[in-house]
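Q: Make a model of this:
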Amino acid sequence: MIWPLDGASSDVVFNTWSHFSLSLNLEAASFTRYITPTKVEQKVRHLVIEWIRNEIVRHIPDAEVLVFGSTPVDMYLPSGDIDLVVQSKSLAVEGPPRSNITRIADILRSTDMALGEVRIFASAKIPILKFVSRHGKFSIDISVNVSNGVAAASIIRDFIRDIPGVKPLSLIVKCFLRSRDANEVYRGGLSSYLVVCMVIYFFQTHKGMRKSHTDPSSSLGNLLLEFLQLFGYDFNYLQSGISLRDGGKTFSRSERHWIYRPSQPRLCIEDPQNTQLDAGAGIHDIRRIQMLFIHAYDQLQAEIQRRDRSRSKALLLEGNSLLQIIMGVPLNVSATGPRWIAIDKANARKSSIGSILPCSIPQGDSIDY
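A: Residues are numbered from 1 along each chain as shown. Model (predicted):
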């Protein structure tokens, strides 16, 4: 049994399946239901965001505090960051980005919002500050007067609406990369934005999904295998780039002059917001990610074939998870699933909404984005 929903037993019954690839489909669908943010988790995040927003606006009346990244589209993992941007004309007039981000940091330091240090990364291409919220223990990233993140969230929301499979498959891929410490760009991993762009392209160019009206959730396991095969074995990182325009296509990197070093594989993705920009330019070791995809594909295929060949009733009754093979945990993991996911889920649900409500935020208030 795996991926219990709110403490209930798993909705994957392994010993009812005669073919293990079918079991993987149901297991993947169950996993996405488990990892998808609950209404309580969403509410806790939104209340913390509103608390930060109120405090910043109290000191900078013309400020707008906007949310971008995975939070607005509910595609974050339980321990995922909250990305905020402060838009303010007065800040734009008063000083350069570095001094503006320092002012926001000073505001936060004057409150009890932060658990520990408020860190400023002023030398980054886009100056940001980082801290962990006292309530909810969320990692918060804040920038000032940067608009592309908010626009990107709107674009991604439209794709999710038009392609139902994007959200569940993206969550699985993000969890896989998280389990391999490959989900942070500065550590050589892939950002959530790039993962979603890859998943969108995958669905756009998937002949079966384009021609069929089948619910993708019924074949998520097979789709995961095909995604791993595409970006592990098939995609030409040396010559091709990805565009989400015109229903999804590839283009020649050399014709776009997106060749950074000869004979170096790169993940080049035309930014949906600005087709002149390479959204994957910051990824300098796509070969590592490619090898993770290859290894995961090989592991899953080999295990499915082994189990199908054995037809062992004992193996069926063991209730061992296929998905856990690529999540970096033993097959005999407990029913709560991979430990980091179970812990993050527990922490996300542990906080009582009432206990984190600042007195300035009345219960029941709606939160708009």
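
Q: gap between the residue lying closest to Gln87 once chain neighbours are set aside and Ala29?
A: The spatially closest residue to Gln87, leaving aside those adjacent along the chain, is Glu64, at 4.4 Å (Cβ to Cβ, 6 or more residues apart in numbering). The way it works is simple: take the backbone N, C-alpha and C, and place the C-beta from them, glycine included. From Glu64 across to Ala29, the span is 38 Å (Cβ to Cβ, to the nearest Å).

Q: Among these two, which residue is more densely surrounded?
A: Comparing Glu64 with Ala29 by neighbour count (other Cβ atoms under 10 Å), the higher total belongs to Ala29, at 22 against 14.

Q: the helices in the stretch 1-150 of the chain, which residues?
A: With DSSP state H, counting those that start in this stretch, the ranges of helices along the stretch 1-150 of the chain come out as 20-35, 39-59, 89-94, 97-109, 148-162.

Q: Which stretch among the ones you listed is buried most, on average?
A: Most buried of the helices of the stretch 1-150 of the chain, by mean neighbour count (mean count of other Cβ atoms under 10 Å): helix 20-35, with a mean of 21.

Q: in the protein, which segments are predicted with low confidence?
A: For the chain, applying pLDDT under 70 flags the ranges 1-21, 94-95, 97, 210-214, 311-320, 328-369.

Q: Give me the most central residue, it.
A: A centroid search over the chain (Cα atoms, centre = their mean) returns Ser192, at 4.2 Å, as the residue closest to the centre.

Q: Can you verify my assumption that that one contacts Lys174?
A: Yes: using Cβ atoms under 8 Å, Ser192 makes contact with Lys174 at a distance of 6.2 Å.

Q: where do the contact lists of these two overlap?
A: Among the neighbours of Ser192, those also in contact with Lys174 (Cβ atoms under 8 Å, 6 or more residues apart in numbering) are Met75, Asn183.

Q: ends of stretch 139-154, how far apart?
A: 22 Å (Cα to Cα, to the nearest Å).

Q: ok, now stretch 278-291?
A: Using Cα to Cα, one end of stretch 278-291 lies 22 Å from the other.

Q: Stretch 81-96 too?
A: End residues of stretch 81-96 are separated by 25 Å (Cα to Cα).

Q: what comes into contact with that stretch?
A: The contact list for stretch 81-96, computed with Cβ under 8 Å, 6+ apart, reads 45, 48-49, 52, 56, 60, 62-71, 76, 100, 103-104, 133, 138-147, 149-150.

Q: now swap in stretch 114-122 and tell me
A: 98, 101-102, 105, 108-109, 127-134, 137.

Q: could you redo the last one with a cut-off of 10 Å?
A: The contact list for stretch 114-122 (Cβ atoms under 10 Å, 6 or more residues apart in numbering) reads 96-99, 101-102, 104-109, 127-138, 140-143.

Q: Tell me which residues of that stretch come out buried.
A: Within stretch 114-122, the residues scored as buried using 16 or more other Cβ atoms under 10 Å are Ala114, Val118, Ile120.

Q: Now the terminal residues of that stretch, how far apart.
A: Start-to-end, stretch 114-122 (Cα to Cα) is 19 Å.

Q: how far is it from where the chain is centred?
A: How far stretch 114-122 lies from its chain's middle: 23 Å, per Cα atoms, centre = their mean, to the nearest Å.

Q: ditto for stretch 42-53
A: Remark: stretch 42-53 is offset 19 Å from the chain centroid, using Cα atoms, centre = their mean.

Q: Remind me what the helix ranked longest in the chain packs against, helices and strands.
A: Criterion DSSP state H: the longest helix present in the chain is helix 286-310. The contact analysis (3 or more Cβ pairs under 10 Å, 6 or more residues apart in numbering; DSSP states H and E) places helix 286-310 against helix 20-35, helix 166-179, helix 192-204, helix 220-229, helix 313-318.
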